[in-house]
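Visitor: what's the 3D shape of this:
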Amino acid sequence: MNKVISFFKESYFELKEKVTWPKWGELQNSSTLVLIASTIFALVIFGMDRVFEAILGAFYNSF
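Guide: Numbers count the residues shown, from 1 in each chain. Predicted structure coming up:
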């Protein structure tokens, strides 16, 4: 039981004192970048899906 308590105490200390947390501005910039990259990625996948759907639709309708 003593090891578990020691683990939580050390974990709390490390999170409180040793971890470098990002500033609010850095966090906003990173979040914006992730949002934009995710949107672009989703649009590319959507476009690919539509192209393949059209190709396969034309292929299946030819029979």
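Visitor: Now Val19, what are its backbone angles?
Guide: According to degrees, to the nearest 10, the main-chain angles of Val19 amount to phi -80, psi 140.
Visitor: Now do the helices in this protein.
Guide: Secondary structure of the chain by DSSP state H: the helices cover 2-13, 24-61.
Visitor: Now the shortest one: average pLDDT?
Guide: So the one you mean is helix 2-13. Average pLDDT, helix 2-13: 93.
Visitor: Tell me the buried residues in that helix?
Guide: Within helix 2-13, no residue counts as buried by 16 or more other C-beta atoms under 10 Å. Heads up, the C-betas are built off the backbone N, CA and C, glycines and all.
Visitor: and that helix, how far from the chain's centre?
Guide: 30 Å (C-alpha atoms, centre = their mean, to the nearest Å).
Visitor: one step back: confidence-wise, which of the helices of the chain is weakest overall?
Guide: helix 2-13 (a mean of 93).
Visitor: got the contact list for it?
Guide: By C-beta atoms under 8 Å, 6 or more residues apart in numbering, no residue outside helix 2-13 reaches it.
Visitor: Distance of the residue positioned nearest the centre of the chain relative to Val51?
Guide: By C-alpha atoms, centre = their mean, the chain has its centre lying nearest to Val34, at 7.0 Å. Applying C-beta to C-beta, to the nearest Å, the value for Val34 to Val51 is 26 Å.
Visitor: Equivalent analysis for Leu15, please.
Guide: Leu15 is 47 Å from Val51, by C-beta to C-beta.
Visitor: Give the burial count for Pro22, as a bare number.
Guide: 10 (other C-beta atoms under 10 Å).
Visitor: Just the local confidence number for it, please.
Guide: So Pro22 comes in at 92 (pLDDT).
Visitor: how about it, what does it touch?
Guide: Ser30.
Visitor: Against Thr32, how distant is it?
Guide: Distance from Pro22 to Thr32, by C-beta to C-beta: 13 Å.
Visitor: Export stretch 14-23 to CSV, keeping only CA atoms.
Guide: Extracted C-alpha coordinates of stretch 14-23, given in CSV (Å, rounded to 0.1, in the frame of the first residue of the first chain):
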residue,chain,number,x,y,z
GLU,A,14,6.1,15.5,-11.4
LEU,A,15,3.0,16.9,-13.0
LYS,A,16,3.1,20.0,-10.8
GLU,A,17,6.8,20.8,-10.8
LYS,A,18,8.6,19.1,-13.8
VAL,A,19,6.1,19.2,-16.6
THR,A,20,6.3,22.3,-18.9
TRP,A,21,2.7,23.2,-19.7
PRO,A,22,2.1,25.3,-22.9
LYS,A,23,1.0,28.9,-22.6
